[in-house]
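Enquirer: Need a 3D model of the sequence below.
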Amino acid sequence: MKEKQQIVDIDRSVYDIKDKETDFYKVDAGLTPALVEKISKEKNDPVWMQQFRLHSLQIYNELEVPDWGPSIDGLNMDNIVTYVRPNTKMKAKWSDVPEDIKNTFERLGIPQAERKSLAGVGAQYDSELVYHNVRQEVADLGVVYTDLESAMHGEYAEMIRKHFMKLVPPTDHKFAALHGAVWSGGSFVYVPKGVSVEIPLQSYFRLNAPGAGQFEHTLIIVDEGAYLHFIEGCSAPKYNVANLHAGCVELFVGKNATLRYSTIENWSKNMYNLNTKRAQVEEGGKVEWVSGSFGSHVSYLYPMSILKGKGAKMEFTGITFAGKGQNLDTGAKVVHAAPDTTSYINTKSISKDGGISTFRSSVVVNKNAEGAKSSVSCESLMLDAESQSDTIPAIDVRTRKADVGHEAQIGKISNEAIFYLMSRGLSEEDARACIVSGFADNVSKELPLEYAIEMNNLIRLEMKGSIG
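Expert: Below you'll find the predicted structure:
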């Protein structure tokens, strides 16, 4: 059976909503000390944050662009606008959000999800949060869920200063330094000791402006014995100029606490996604990452877990879908820094129409991490002869008393499987989508219902672009 090669455009109309920039405030493109100071003034930063921004800019100018991953030559910071403020202040009532912005989020399904199954929602539009709300019964438990900037001026100001960019210092890499200089927006979450938040919190990040960057910072602290599920969604319309996402996520998981962090990143294919995510887990604690990467022109994304306390655990479940014109370099990192720690990394990648999917993993077991166990499993599915898939594992074990394993599989869709499904009445397009959805099934099972549906819809949209 001959494979069809015609490519048709993918219907991304719901994600390609574009709003006119009416009465928006934006800084000039480029990156200078004066511009960073202007952003700091706009944000009403405390003095320490203003100084932190300028120091980060200095580090940014000293560091080189990474030379080991996909090319980002098409990204020119002289052309990127680092701060765009929509024509509204943050609202606590959805009805108070301006109609044009509200309509965009309505069409993306955010308010419906909140009404059905979320304990709280934050919605960011370009560089600022436009809406933030948490259910009263959750707030009554002492849970704090608010925008990071206002929290810096309240009773949690010292907590934020103590934790902000401590897991991801500006010296980590060039785009972490960029983030430290121009960050804007994002959420602060604090779950008190022993509190279990039974329904998820969610933040959704929408970048509307062409040629702009989004640099939100998410800081979550889950205290001893507490539980939280946090969901993150991202999307942007497609433009013919480069956009940049260089956000930062810092997760602090206390003793015997559990944090599940779920993400679906559905950026448009003119986006450079250079995001940094990191968790620190104390004794007996656990962090669970669930990650879906479907968009962007180029991605560098490797959530990292530092298992700091004895018996700390990490699980990472991820899927990447690289289509035409996409080079997605993703994976996960873990450092076993204490005895009896456990990590499990399970990823799936799909590539089609010449897309490139690279999986990188880094497992480090320190000398004092006796009894550590780590397992890495990577499976790749290529849908045609033009696509590419690579696996690059790195394992560094400093003790003999550890159990570390890695396995990788790369394959293609079998023509026999397609023929069988077509003989049962499916079209070729539906047969391929069915097989790909089955391949991704263990990831979709880990996602909240709305995001599992979105992931499967995205797979079907991509599959419509692969045959015609």
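
Enquirer: mind checking how far the closest residue to residue 341 other than its chain neighbours is from residue 218?
Expert: For residue 341, ignoring the flanking residues on the chain, the nearest one in space by CB to CB, 6 or more residues apart in numbering is residue 307 at 3.9 Å. Yep, even glycine has a C-beta here, placed from its N, CA and C like the rest. Separation of residue 307 from residue 218 (CB to CB, to the nearest Å) stands at 20 Å.

Enquirer: cool, and residue 66?
Expert: Applying CB to CB to residue 66 and residue 218 gives a distance of 23 Å.

Enquirer: Which one's more surrounded, the two?
Expert: residue 218 (22 against 14; other CB atoms under 10 Å).

Enquirer: which secondary structure elements does the strand or helix carrying that one contact?
Expert: Applying DSSP states H and E as the criterion places residue 218 in strand 217-222. Under the contact criterion of 3 or more CB pairs under 8 Å, 6 or more residues apart in numbering; DSSP states H and E, strand 217-222 touches helix 148-151, helix 157-163, strand 187-191, strand 227-235, strand 248-253, strand 258-266.

Enquirer: Kindly reformat the ones you listed as TSV containing distance to residue 312, mean pLDDT and mean neighbour count.
Expert: Shown next, in TSV, are those (distance: least, CB to CB, whole Å; pLDDT from 0 to 100; neighbours: other CB atoms under 10 Å):
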stretch	distance to residue 312	mean pLDDT	mean neighbour count
helix 148-151	26	89	19
helix 157-163	18	96	15
strand 187-191	17	95	26
strand 227-235	15	85	23
strand 248-253	8	98	25
strand 258-266	11	89	22
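
Enquirer: Export these to a markdown table and append columns for distance to residue 420.
Expert: Converted to a markdown table, the helices and strands packed on strand 217-222 look like this (distance: least, CB to CB, whole Å):
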| stretch | distance to residue 420 |
| --- | --- |
| helix 148-151 | 52 |
| helix 157-163 | 54 |
| strand 187-191 | 47 |
| strand 227-235 | 35 |
| strand 248-253 | 42 |
| strand 258-266 | 31 |
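
Enquirer: Identify each of the helices in the chain and give its residue range.
Expert: For the chain, the helices defined by DSSP state H cover 33-42, 47-62, 99-108, 110-117, 136-139, 148-151, 157-163, 174-182, 415-423, 428-439, 441-444, 449-464.

Enquirer: List the buried residues in the first one.
Expert: This points to helix 33-42. For helix 33-42, a neighbour-count test (16 or more other CB atoms under 10 Å) marks 35-36, 39-40 as buried.

Enquirer: burial of residue 174, as a residue count?
Expert: For residue 174, the count of nearby residues is 19 (other CB under 10 Å).

Enquirer: Kindly provide the distance from it to residue 65.
Expert: Residue 174 is 6 Å from residue 65, by CB to CB.

Enquirer: what stretches of the stretch 101-250 of the chain score poorly on pLDDT?
Expert: Along the stretch 101-250 of the chain, segments meeting pLDDT under 70 span 101-132, 235-240.

Enquirer: 80 instead, please
Expert: Applying pLDDT under 80 to the stretch 101-250 of the chain picks out residues 101-135, 204-210, 233-241.

Enquirer: How about residue 355, nearest residue that isn't a chain neighbour?
Expert: Going by CB to CB, 6+ apart, residue 355 has residue 322 as its nearest residue, at 3.3 Å.

Enquirer: quick one: contacts for the one you found?
Expert: By CB atoms under 8 Å, 6 or more residues apart in numbering, the contact list for residue 322 reads 328, 349-352, 355-357, 387.

Enquirer: how about 6 Å then?
Expert: 328, 351, 355-357 (CB atoms under 6 Å, 6 or more residues apart in numbering).

Enquirer: can you check residue 340 too?
Expert: 310-311, 371.

Enquirer: picking that back up, quickly list what the residue nearest to residue 355 is bridged to.
Expert: residue 351 (DSSP bridges).
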